[in-house]
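Colleague: everything below, folded, please.
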Amino acid sequence: MALLQIDNLQTSFTSEQGVVKAVRGVSFSVDKGEILGIVGESGSGKSVTMFSLMGLLANNGKIVGGDILFNGQSLVPSNYNTYKEYKQVISKIRGNTIGMIFQDPMTFLNPVLKIKTQLMEPILNHHKVSRKEAYNRAINLLKQVGIPSPEKRMNQYPFEFSGGMRQRIVIAMALACTPSLIIADEPTTALDVTIQAQILELIDSLRNKTDAGIILITHDLGVVAKLCDNIAIMYGGMIVEKGSAEDIFYNAQHPYTLGLLGCISNPEKDEDELTPIPGSPPDLLKPPAGCPFVDRCQKAMKVCKYHMPYKSVITKEHSVSCWLQDERSK
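Modeller: The predicted structure follows:
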């Protein structure tokens, strides 16, 4: 049984303009020790999928279809007798067996609380330990993520740390209760290239030490190139292609995936050979009836506009939703 199994997840938000269908039938799984990369532009539904899993949707957000199974237990509110029962379950899991690394540590960390208070909080909430034991665990967490002089750092505030150090603290908080699943939402945003490499190396080492499953959310295929075992490409609230890292980088089939690959700098090519994807992502207030990429795709056909493509299985691990896979398009 997979550590995490998401089947046909659908999440929507109500607004004054109408219903925003942010996630439209997403399915994937994560095993222990696996790193899954979810890649796509801003607004493709990556973070909303994770917030649905964590029970962190805004008040106007709702899971309207599908299921989320974590260790075989459903994390969808409608599968419980009462919403209170669901909140009790998700509160025990969130921050405990599922940890999340948020993309903006300065926003996530409380600026008026010392680091020790914020690190100790999840430990005290989820485990029956003394404050002294929680303090010692927090010290070890800072050592684990490579922060020097942890005893001194425990009494400092977030503003006294660099951006890279703050991100390490957020990682330490996500690891506080030794979760079996870690979600990293754009963990290298706004960090320079050297610090990005250090953070990604740290995430990989944590996977090797703890055997935790990891979901890495990013808009940059270059970030996941050497780190992820499998990659899911999201666009317009859907997964349009999914496969191993080798499948995605060397045998990509969906025009959107190929477009993303064309935006990656290649040292063997001149910079002016980068090819941007024209146009803008679809309006999910009124999503297209067919393929969400149809208005930006240079290979679009008439069927793409009016009919959603079915999933074509290329190999056991590699699948793509595109009408170009249909024999009639050849």
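Colleague: I215 belongs to a strand?
Modeller: Yes. Assessed by DSSP: H, G, I helix; E, B strand; the rest coil, I215 belongs to a strand.
Colleague: report pLDDT for the closest residue to it other than its chain neighbours.
Modeller: Closest residue to I215 apart from its sequence neighbours, by C-beta to C-beta, 6 or more residues apart in numbering: I183 at 4.8 Å. All C-beta spots, glycine's among them, are computed from the backbone N, C-alpha and C. Looking at I183, its pLDDT is 94.
Colleague: strands paired with the strand or helix carrying I183, and their directions?
Modeller: Using DSSP states H and E, I183 sits within strand 181-185. If you go by DSSP bridges, strand 181-185 pairs up with strand 98-101 (parallel), strand 213-218 (parallel).
Colleague: pipe these into CSV and attach mean pLDDT and mean neighbour count per row.
Modeller: Output for the strands paired with strand 181-185, formatted as CSV (pLDDT from 0 to 100; neighbours: other C-beta atoms under 10 Å):
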stretch, mean pLDDT, mean neighbour count
strand 98-101, 92, 25
strand 213-218, 93, 24
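Colleague: report the separation between V193 and L202.
Modeller: Distance of V193 to L202, given as C-beta to C-beta, to the nearest Å: 15 Å.
Colleague: try Y250
Modeller: For Y250 relative to L202 (C-beta to C-beta), the value is 27 Å.
Colleague: who has more neighbours out of these two?
Modeller: L202 (17 against 9; other C-beta atoms under 10 Å).
Colleague: what's opposite G18 in the beta bridge?
Modeller: Beta-bridge partners recorded for G18 (DSSP bridges): S15.
Colleague: where does it land on pLDDT?
Modeller: Here the pLDDT value assigned to G18 is 95.
Colleague: and the average pLDDT for the next helix or strand after the strand holding I183 is what?
Modeller: Tracing the chain C-terminally past strand 181-185 and defining elements by DSSP H and E, one meets helix 193-210 next. The average pLDDT within helix 193-210 is 83.
Colleague: CA atoms of helix 193-210 as PDB?
Modeller: C-alpha atoms of helix 193-210 as PDB (Å, rounded to 0.1, in the frame of the first residue of the first chain):
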ATOM      1  CA  VAL A 193      21.900  29.400  -6.300                       C
ATOM      2  CA  THR A 194      24.400  28.200  -3.700                       C
ATOM      3  CA  ILE A 195      21.900  28.100  -0.900                       C
ATOM      4  CA  GLN A 196      19.300  26.400  -3.200                       C
ATOM      5  CA  ALA A 197      21.800  23.600  -3.800                       C
ATOM      6  CA  GLN A 198      22.400  23.300  -0.100                       C
ATOM      7  CA  ILE A 199      18.700  23.100   0.700                       C
ATOM      8  CA  LEU A 200      18.000  20.500  -2.000                       C
ATOM      9  CA  GLU A 201      21.000  18.400  -0.800                       C
ATOM     10  CA  LEU A 202      19.600  18.700   2.800                       C
ATOM     11  CA  ILE A 203      16.200  17.400   1.600                       C
ATOM     12  CA  ASP A 204      17.800  14.500  -0.200                       C
ATOM     13  CA  SER A 205      19.900  13.600   2.900                       C
ATOM     14  CA  LEU A 206      16.800  13.600   5.100                       C
ATOM     15  CA  ARG A 207      15.100  11.200   2.700                       C
ATOM     16  CA  ASN A 208      18.000   8.800   3.000                       C
ATOM     17  CA  LYS A 209      18.200   9.100   6.800                       C
ATOM     18  CA  THR A 210      14.500   8.900   7.600                       C
END
